[in-house]
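Chemist: give me a model of this one.
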Amino acid sequence: MRIILFNPPRYVSGDHHKFNNALLWLASYLHRRGVEVRIVPLNHAGFADTVAEEIATFKPQFAAVCCKWWDTLYSSSHIASLIKKQDPRVVTIAGGQTATFFATDVVARTDFDVVIRGDGEEPLYRLVSGQEPQNSVFKTRPVVPDKNSWYVQTEESFADTFLEENLEDIVSDVSVLNSYIWTGKGCVESCAYCSANAWNNKQSFGRARFIYRPIEQILREIDILGKYPDGGRITFDFDPLRGNIDEDYHLRLLAALEKKKHNVYFCSWSLPSKQLVDALAETFNFVELCIDVQTCSERLRRVLGQKRYLKAFFSDAELDDVLQHCRQYDNFTIDLSTLMGLPFEEDEDIEAIPRFSDLVYDKFSDVRYPYVSPMNVEPGSMLLRDPAKYDMVLMRSTFDDFFQYTKRSFENNINCYQPKEYGPGIYHPLGVVPRRDHESGDIFRVYETWKKVQEHVDKRSEEKLLIRARKYRKYGLLKAGIQGGIDRPTLARSEVE
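Modeler: Below is the predicted model:
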């Protein structure tokens, strides 16, 4: 049994590549069960030749292409076509959140033979080993399996889902590996814009609650990834906090880590407690803490939080208190992640953005970047499901809409999330507009206003470039955001999923 796992490009140029670390755990699961598996990142302009060469030399019976993020909907399908062109006998498989949501369309409209919905480890193994399939939608049988037959990961099954020691044995190019550590799955939130909401998780993965991986596995995998480029910087990106459940897990995890050995980028999707801030500062050599503020407007944050259209509300004063606590630690830098174009946003909420950004930027020297990203509609989001509920109008909604939008982006090297150019209909840059703008015909108002806001924030951020450089040098980190230059590009936060 042989299978290649391809990580697709985002542009035809091969640029803007983002490697999905989930492939590492998936391949490790197969490798331990005797499957010959190879991961191939397609991160260069000659990726078509690479696909042909890999199929010709490795001679797989199966080839899977990651389709987690919606901006890879077309590019992953394009890779499936290249595989079939090289060898029509290869069974092409798609997996990931976007493929799961559009499963029946994917098998009907592209060169994928199978989509594995939801958790993929055991279903993929069963498929390639000739056993009774699970979670699979086939071109020859394009129906979603009955929920009673789904494979759904649990905390118990996590015990058998861990990385192989020598990843270079299964990855063609280890230079793409990053330090992202998968700590858990699930979400109980119903944020309007996010595809990973509780409803979609239940529909697609059969699970909405939190499940966490064993801490001993996390510690081992930090050491494994530490052998590769960027391995000294850990990235944690999972903590949708309701109550203290998730925070308790992270506190236990941090307590188990060797002190001051690593750097960390910790995405806190809720307001972190002072206890968590203390633990981060004491555990790591250097901390990049990203706090999801959701919106710069306290009024809108309250309105949406109370409706559960966003995560739990916290006030500007509560945020200020946490930032005050962070400033006592020299080994900290802070990013604030916010969105613009949210449901029920008024002019006063937009006017609050530069005031908020300037206030926190002037008051707290450790604030590196108050990100302001325009909200995009995502496949599987509550907004896509019921736009009228949020007083919004969709510009993209169907599989064809997203397929054509991502096709143009791929072929013309245009960023899906924040394009410099766009057009009518489905090529609207955000895919959704407030009803008032749709009725007035001013459908680009949010996006055009965001560009001006972003220009202001960028200008302010540049003012502290030298100060940040001195701090990075002090901690031995004189490269971008500890990951390749002094600061990461503006678009980085907009694409975190």
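
Chemist: by contact count, what packs against the helix or strand hosting Thr338?
Modeler: Taking DSSP states H and E as the criterion, Thr338 maps to strand 332-340. Applying 3 or more C-beta pairs under 8 Å, 6 or more residues apart in numbering; DSSP states H and E, we find strand 332-340 packed against strand 286-294, helix 316-326, helix 347-363, strand 367-374, helix 445-462. (C-beta placed from N, C-alpha, C; glycine too.)

Chemist: with mean neighbour count added, can I get those in TSV?
Modeler: As requested, the helices and strands packed on strand 332-340 are exported to TSV (neighbours: other C-beta atoms under 10 Å):
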stretch	mean neighbour count
strand 286-294	23
helix 316-326	15
helix 347-363	16
strand 367-374	24
helix 445-462	15
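
Chemist: could I get these as CSV with mean pLDDT?
Modeler: CSV is the format used below for the helices and strands packed on strand 332-340 (pLDDT from 0 to 100):
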stretch, mean pLDDT
strand 286-294, 94
helix 316-326, 97
helix 347-363, 94
strand 367-374, 88
helix 445-462, 91
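
Chemist: out of these, nearest to Gly231?
Modeler: Nearest of these to Gly231, taken as C-beta to C-beta: strand 286-294 at 14.6 Å.

Chemist: in CSV, list the helices and strands packed on strand 332-340 along with distance to Ser175.
Modeler: Formatted as CSV, these follow (distance: least, C-beta to C-beta, whole Å):
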stretch, distance to Ser175
strand 286-294, 22
helix 316-326, 33
helix 347-363, 35
strand 367-374, 26
helix 445-462, 28
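
Chemist: between these, which one is nearest to Gly184?
Modeler: Within these, the stretch nearest Gly184 is strand 286-294; the backing value is 16.9 Å (C-beta to C-beta).

Chemist: what angle separates that closest one from helix 347-363?
Modeler: Angle, strand 286-294 to helix 347-363, by axes from the mean of the first three to the mean of the last three C-alpha atoms, to 10 degrees: 160 degrees.

Chemist: how near is the nearest residue to Ala52 once chain neighbours are set aside to Asp111?
Modeler: Excluding its sequence neighbours, the residue lying closest to Ala52 (C-beta to C-beta, 6 or more residues apart in numbering) is Gln86, at 4.7 Å. Going from Gln86 to Asp111 by C-beta to C-beta, to the nearest Å gives 11 Å.

Chemist: please identify which of the two sits among more neighbours.
Modeler: The neighbour comparison of Gln86 against Asp111 (other C-beta atoms under 10 Å) goes to Asp111, with 20 against 16.

Chemist: just the pLDDT for that one.
Modeler: We have a pLDDT of 98 for Asp111.

Chemist: then the one 3 residues further on?
Modeler: The confidence metric pLDDT takes the value 98 at Val114.

Chemist: contacting residues for Tyr212?
Modeler: By C-beta atoms under 8 Å, 6 or more residues apart in numbering, the residues touching Tyr212 are Glu155, Phe158, Thr183, Gly184, Tyr249.

Chemist: which of those count as buried?
Modeler: By neighbour count, with 16 or more other C-beta atoms under 10 Å, these hold Phe158, Thr183, Gly184, Tyr249 as buried.

Chemist: in JSON lines, list the residues you listed along with pLDDT, secondary structure and distance to Lys261.
Modeler: Below are the buried ones among the contacts of Tyr212 laid out as JSON lines (pLDDT from 0 to 100; DSSP: H, G, I helix; E, B strand; the rest coil; distance: C-beta to C-beta, whole Å):
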{"residue": "Phe158", "pLDDT": "88", "secondary structure": "helix", "distance to Lys261": "24"}
{"residue": "Thr183", "pLDDT": "91", "secondary structure": "coil", "distance to Lys261": "18"}
{"residue": "Gly184", "pLDDT": "88", "secondary structure": "strand", "distance to Lys261": "23"}
{"residue": "Tyr249", "pLDDT": "89", "secondary structure": "helix", "distance to Lys261": "20"}
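
Chemist: now those in TSV, with distance to Ala281?
Modeler: Listed next are the buried ones among the contacts of Tyr212 as TSV, based on distance: C-beta to C-beta, whole Å:
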residue	distance to Ala281
Phe158	29
Thr183	19
Gly184	23
Tyr249	19
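
Chemist: now for those, which pair is the farthest apart?
Modeler: Largest separation among the buried ones among the contacts of Tyr212 by C-beta to C-beta: Phe158 and Tyr249, giving 12.7 Å.

Chemist: where does the stretch 201-350 of the chain dip in pLDDT?
Modeler: 238-245 (pLDDT under 70).

Chemist: where do the helices sit along it?
Modeler: For the stretch 201-350 of the chain, the helices defined by DSSP state H, counting those that start in this stretch occupy 215-225, 245-256, 274-283, 298-306, 316-326, 347-363.
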